[in-house]
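Visitor: could you look at this predicted model? Sequence included:
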Amino acid sequence: MTISPTQIILASTSVYRQEILSRLQLPFVQIKPEFAETQRSGETPAAQAARLSKGKAEAVLPQLTQTGAVCIIGSDQVAHLNGEVLHKPGNFDVARDQLRRSSGQWVSFETGITLISATREPGSDGHDAGTWNINSERTCVETYSVQFRELSETEIINYLRKDEPWDCAGSFRAEGLGIALFQSLRGEDVNTLYGLPLLRLTHMLTEANINIL
């Protein structure tokens with residue numbers, strides 16, 4: 001894929017992350033990283049989020065054909081209840097079970113974010129691209145937690161039928177009707193809950209000499 005030599009790249013096809021990043025009013029493209037998302041035995045949710053966000057960002061570089069400078073943003077989120085990872089439910093039954101177990105409990109979201117700044121000069125013949133040089137690479141993990149209300153079976157079923165959060169870790173859409181499930185929220189940046197820690201990202205972009213304003 002050939003893109004602008006100064007392009008910002010979001011290593012994700014997520015519509016949620018696309019919407020969040022768009023708020024910074026910076027031009028960017030989305031590229032799906034060729035990267036397998038796996039869970040390792042004994043790995044903490046925070047460590048998993050960091051590893052996957054880093055892996056996604058790094059996987060994009062070999063997929064690029066242009067020369068010049070790029071800034072790649074990778075992100076991954078892991079939800080957990082008392083250390084047990086909550087995956088995307090995929091269907092009604094799994095989602096109902098997750099919300100039953102989450103009722104009255106705190107669920108935490110570990111969201112990893114990686115920023116890679118890299119450049120590549122033209123090859124010796126002036127056409128073929130040389131090797132990518134990584135100028136900087138940084139990975140951070142931000143945590144956001146939600147406390148669920150004590151939910152009745154009727155509330156859980158009605159919520160799932162209305163919002164259908166089958167592709168959402170934790171079985172809810174916080175940016176939608178899912179907010180009605182919560183007793184309280186805890187964290188620095190609510191965008192962390194939505195999948196992209198925007199406050200942390202703005203700091204990382206500034207460090208990479210990208211002035212948002």
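Guide: Arrived safely, thanks for sending.
Visitor: can you pull out the helices in this structure?
Guide: For the chain, the helices defined by DSSP state H occupy 15-22, 45-60, 92-102, 153-163, 191-194, 198-207.
Visitor: what's the closest of these to Asn82?
Guide: Of all the helices of the chain, helix 92-102 sits nearest to Asn82, with 9.2 Å by Cβ to Cβ. All C-beta atoms are positioned from the backbone trio N, CA, C, and that covers glycine.
Visitor: for the closest one, buried residues please.
Guide: Residues of helix 92-102 classed as buried: 95-96, 98-99, 101-102 (neighbour count, 16 or more other Cβ atoms under 10 Å).
Visitor: what does it rub up against?
Guide: For helix 92-102, the external contacting residues (Cβ atoms under 8 Å, 6 or more residues apart in numbering) are 81, 86, 89, 148, 151, 153, 156-157, 159-160, 165-166, 170-172, 181.
Visitor: of these, which count as buried by neighbour count?
Guide: Using 16+ other Cβ under 10 Å as the burial test, the contacts of helix 92-102 include 81, 86, 89, 148, 151, 156, 159-160, 165, 170-172, 181 as buried.
Visitor: in strands only, show me the residues you listed.
Guide: Using DSSP state E, 81, 86, 148 are the members of the buried ones among the contacts of helix 92-102 that sit in strands.
Visitor: bridged to the last one, which residues?
Guide: The one in question is Phe148. Under DSSP bridges, the beta-bridge partners of Phe148 are Phe182.
Visitor: and for the second one?
Guide: According to DSSP bridges, Ala79 are recorded as the beta-bridge partners of Leu86.
Visitor: ok, it - contacts?
Guide: Shown in contact with Leu86 (Cβ under 8 Å, 6+ apart): 79-80, 98, 102, 107, 169-171.
Visitor: repeat that for the last one.
Guide: When contacts are counted by Cβ under 8 Å, 6+ apart, Phe148 touches 99, 102-107, 181-183.
Visitor: mind running it again at 10 Å?
Guide: Contacts for Phe148 (Cβ atoms under 10 Å, 6 or more residues apart in numbering) come out as 81, 99, 101-107, 170, 172, 181-184.
Visitor: repeat for Thr13
Guide: The contact partners of Thr13, taken as Cβ under 10 Å, 6+ apart, are 30-33.
Visitor: now a PyMOL select for only the buried ones of these.
Guide: Of the contacts of Thr13, the buried ones can be selected in PyMOL as follows, counting by 16+ other Cβ under 10 Å:
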select buried, resi 31+33
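Visitor: okay if I get the contacts of Thr13 as JSON lines plus pLDDT and distance to Glu19?
Guide: Shown next, in JSON lines, are the contacts of Thr13 (pLDDT from 0 to 100; distance: Cβ to Cβ, whole Å):
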{"residue": "Gln30", "pLDDT": "96", "distance to Glu19": "11"}
{"residue": "Ile31", "pLDDT": "95", "distance to Glu19": "17"}
{"residue": "Lys32", "pLDDT": "94", "distance to Glu19": "17"}
{"residue": "Pro33", "pLDDT": "93", "distance to Glu19": "19"}
